[in-house]
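# pasting a predicted model and its sequence here:
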Amino acid sequence: MPGDENKIMSIEQYQNTFIQTNFADRIGGANYGKDTNIYKFEKIKRAKASAKQDFPNIELIDMGVGEPDEMADEGIVSKLALEAAKEENRGYSDNGIPEFKAAAAAYLKEVFQVEGIDPVNEVVHSIGSKPALAMLPSCFINPGDITIMTIPGYPVLGTHTKYLGGQVYTVELKKENNFLPDLNSIPEDIAHKAKLLYLNYPNNPTGASATPEFFSAVVDWAKKYNVVVIHDAPYAALTYDGVKPLSFLSVPGAKDVGVELHSLSKSYNMTGWRIGFVAGNPLVVKAFSDVKDNNDSGQFIAIQKAAAYGLANPQITEAIAAKYSRRHNMLVDALNSLGFKAEKPKGSFFLYVAAPKGVKGGRRFESGEDFSQFLIREKLISTVPWDDAGAFVRFSVTFVAKGEEEEKRVISEIQRRLSDVEFEF
């Protein structure tokens, strides 16, 4: 019939065209799209949809969300509106405006006691931390070079290392080492060949915090093996119970070996705004800026000015941290009453707990994923499983709840739903 030639092809039909054979090996080559493995977060998404369908009248409590549950501060939003209306802010910002860079340097000094950061040469904005992590390997990695990553962990730096023909060496984060990587476990040949070391504290997903002593050891190790340190610090200002926020750059010698990535997504409820910065070693900052210049044309100037307002008002983050601290206290108490051995983290909004081995007299859990699926499908509680270094699940205290009474109700409901079984650990 007329018009048949314009019918939209199915995915299967597209897979038989020349396009299928032209995909880069880094994303699967000719087999791209044919992989039947299901990504962890897609499994969670499907399980949540199935649970909602099976139990439409029961609230699904989402403890897996890795982003804030509230809007950005009114002052930040108002500043955005004000600056967005100005004609002079409409254009490209390229590698950022001086006002934001100065605010970032001042923020590091006020919140983290980092002295001597030059806003001109040692700070550059990024459109969130994820793009920065994606671009940094282009500054350093040649085919065969090594990036050292921790597992469990955020994979983006490693993914792009592999895209460039590099290799990833992983170090497990274990409870017995306070979820800090054992640098001495890295073989000498790997250490000598490595170009990058990725760290993230407070940590996603474990919630673990670093110490000045650990960061000092990292500096010594990096100098010994000539490895550039990339410290990803989106949760650095979210600390609890009198623990002072800690920056890698506050440790003597850190600026000699690397950079730190900060983001306003988590600490200022600005996830969708996509604004952060890279600070530290001026040569690394310069290289990143050059690569960045060939990847984007900078974040909207009005967003940078709103973010500068936020950085100048760290009490905004302190209020957010107080909320998460309160929620952590309630969640830890509830889980421990059920037999878990949960420990409140010193920072981040993640609670990382060992999965039970099973239900007494009932089903067994072979992995964190197995337990997480049980929680979603049978208890309508969503979490994120991590099985990279033991069977664990990650709870997030960013669940939606307006006010303390609603927070108490959500946590009490979790405790009630899980109390009708007895877990074995």
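Sure, I can see it. Numbers count the residues shown, from 1 in each chain.
# pretty sure residue 277 is in a strand, no?
Yes: with DSSP: H, G, I helix; E, B strand; the rest coil as the criterion, residue 277 is located in a strand.
# that one against residue 100, yeah?
Yes: counting by Cβ atoms under 8 Å, residue 100 is a contact partner of residue 277 at 7.4 Å. Just so you know, the C-beta spots here come from the backbone N, C-alpha and C atoms, and that holds for glycine as well.
# neighbour-wise, which of these two wins?
The neighbour comparison of residue 277 against residue 100 (other Cβ atoms under 10 Å) goes to residue 277, with 29 against 25.
# on that earlier part again, so what sits against both of residue 277 and residue 100?
Jointly contacting residue 277 and residue 100 under the rule Cβ atoms under 8 Å, 6 or more residues apart in numbering are residue 125.
# give me the secondary structure label for residue 303.
Residue 303 falls in the helix class when you classify it by three-state DSSP.
# that one and residue 80 touch, don't they?
Yes: with contact defined as Cβ under 8 Å, residue 303 and residue 80 form a contacting pair (6.5 Å).
# the two: which has the busier surroundings?
Between residue 303 and residue 80, counted using other Cβ under 10 Å, residue 303 has the larger neighbour count: 25 against 21.
# quick one: residues contacting that one.
Contacts of residue 303 (Cβ under 8 Å, 6+ apart): 80, 273, 274, 275.
# how about a cut-off of 10 Å?
Residue 303 is in contact with 76, 79-80, 83-84, 89, 93, 100, 125, 127, 264, 270, 273-275, counting by Cβ atoms under 10 Å, 6 or more residues apart in numbering.
# of the residues you listed, which is the most crowded?
Result: residue 264 is most packed of the contacts of residue 303 (other Cβ under 10 Å), 28 neighbours.
# that one contacts residue 72, correct?
Yes: counting by Cβ atoms under 10 Å, residue 72 is a contact partner of residue 264 at 8.4 Å.
# need the residues touching each of these two.
Common contacts of residue 264 and residue 72, defined by Cβ under 10 Å, 6+ apart, comprise 270, 271, 273, 306, 307, 310, 316.
# the strands in the stretch 301-425 of the chain, which residues?
Remark: strands assigned in the stretch 301-425 of the chain by DSSP state E, counting those that start in this stretch are 350-354, 358-359, 381-382, 384-386, 392-396, 423-424.
# and the last one, what does it pack against?
Packed against strand 423-424, as judged by 3 or more Cβ pairs under 10 Å, 6 or more residues apart in numbering; DSSP states H and E, are the following elements: strand 358-359.
# tell me the helices and strands packed up against the strand it packs on.
With contacts taken as 3+ Cβ pairs under 10 Å, 6+ apart, strand 358-359 sits against helix 368-379, strand 423-424.
# end-to-end on stretch 24-34?
14 Å (Cα to Cα, to the nearest Å).
# can you list the shared contacts of residue 264 and residue 72 in CSV and add distance to residue 234 and pLDDT?
Conversion of the shared contacts of residue 264 and residue 72 to CSV gives the following (distance: Cβ to Cβ, whole Å; pLDDT from 0 to 100):
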residue, distance to residue 234, pLDDT
270, 11, 98
271, 10, 96
273, 13, 98
306, 18, 98
307, 14, 98
310, 14, 98
316, 15, 98
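# can you put the residues you listed in JSON lines and add distance to residue 408?
Below are the shared contacts of residue 264 and residue 72 laid out as JSON lines (distance: Cβ to Cβ, whole Å):
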{"residue": "270", "distance to residue 408": "27"}
{"residue": "271", "distance to residue 408": "25"}
{"residue": "273", "distance to residue 408": "30"}
{"residue": "306", "distance to residue 408": "33"}
{"residue": "307", "distance to residue 408": "33"}
{"residue": "310", "distance to residue 408": "29"}
{"residue": "316", "distance to residue 408": "24"}
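# ranking by neighbours, what's the top pick from the residues you listed?
When neighbours are taken as other Cβ under 10 Å, the top entry among the shared contacts of residue 264 and residue 72 is residue 307 (30 neighbours).
# right, and it touches residue 276 too?
Yes: assessed by Cβ under 10 Å, residue 307 is found in contact with residue 276 at 8.5 Å.
# just the buried positions in stretch 93-110, please.
Across stretch 93-110, burial judged by 16 or more other Cβ atoms under 10 Å covers 93, 95, 96, 97, 100, 101, 102, 103, 104, 105, 107, 108.
# nope, stretch 311-319 is what I meant
311, 314, 316, 317.
# contacting residues for the third one?
By Cβ under 10 Å, 6+ apart, residue 316 lies in contact with 72-76, 237, 264, 267-270, 309-310.
# tell me how far the longest helix belonging to the chain is from the chain's mean position?
As assigned by DSSP state H, the longest helix anywhere in the chain is helix 315-336. Here helix 315-336 is found 18 Å from its chain centre; the criterion is Cα atoms, centre = their mean, to the nearest Å.
# list the buried residues for that helix?
The neighbour-count check on helix 315-336 (16+ other Cβ under 10 Å) flags 316-317, 320-321, 323-325, 327-328, 330-332, 334-335 as buried.
# related to what we said a few turns ago, which among the buried residues of stretch 311-319 gets closest to residue 40?
residue 317 (29.5 Å; Cβ to Cβ).
# next, the angle from the longest helix of the chain to strand 392-396.
Counting by axes from the mean of the first three to the mean of the last three Cα atoms, to 10 degrees, helix 315-336 lies at 130 degrees to strand 392-396.
# can you check what angle separates helix 315-336 from strand 350-354?
Going by the same axes, to 10 degrees, helix 315-336 makes 20 degrees with strand 350-354.
# related to what we said a few turns ago, show me the buried residues of stretch 93-110 that map onto strands.
Using DSSP state E to define strands, no part of these is located there.
# rebuild the residues you listed as JSON lines, extending it with pLDDT and distance to residue 361.
Formatted as JSON lines, the buried residues of stretch 93-110 follow (pLDDT from 0 to 100; distance: Cβ to Cβ, whole Å):
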{"residue": "93", "pLDDT": "97", "distance to residue 361": "62"}
{"residue": "95", "pLDDT": "95", "distance to residue 361": "62"}
{"residue": "96", "pLDDT": "96", "distance to residue 361": "60"}
{"residue": "97", "pLDDT": "98", "distance to residue 361": "63"}
{"residue": "100", "pLDDT": "98", "distance to residue 361": "59"}
{"residue": "101", "pLDDT": "98", "distance to residue 361": "61"}
{"residue": "102", "pLDDT": "98", "distance to residue 361": "63"}
{"residue": "103", "pLDDT": "98", "distance to residue 361": "58"}
{"residue": "104", "pLDDT": "98", "distance to residue 361": "56"}
{"residue": "105", "pLDDT": "98", "distance to residue 361": "60"}
{"residue": "107", "pLDDT": "98", "distance to residue 361": "54"}
{"residue": "108", "pLDDT": "98", "distance to residue 361": "54"}
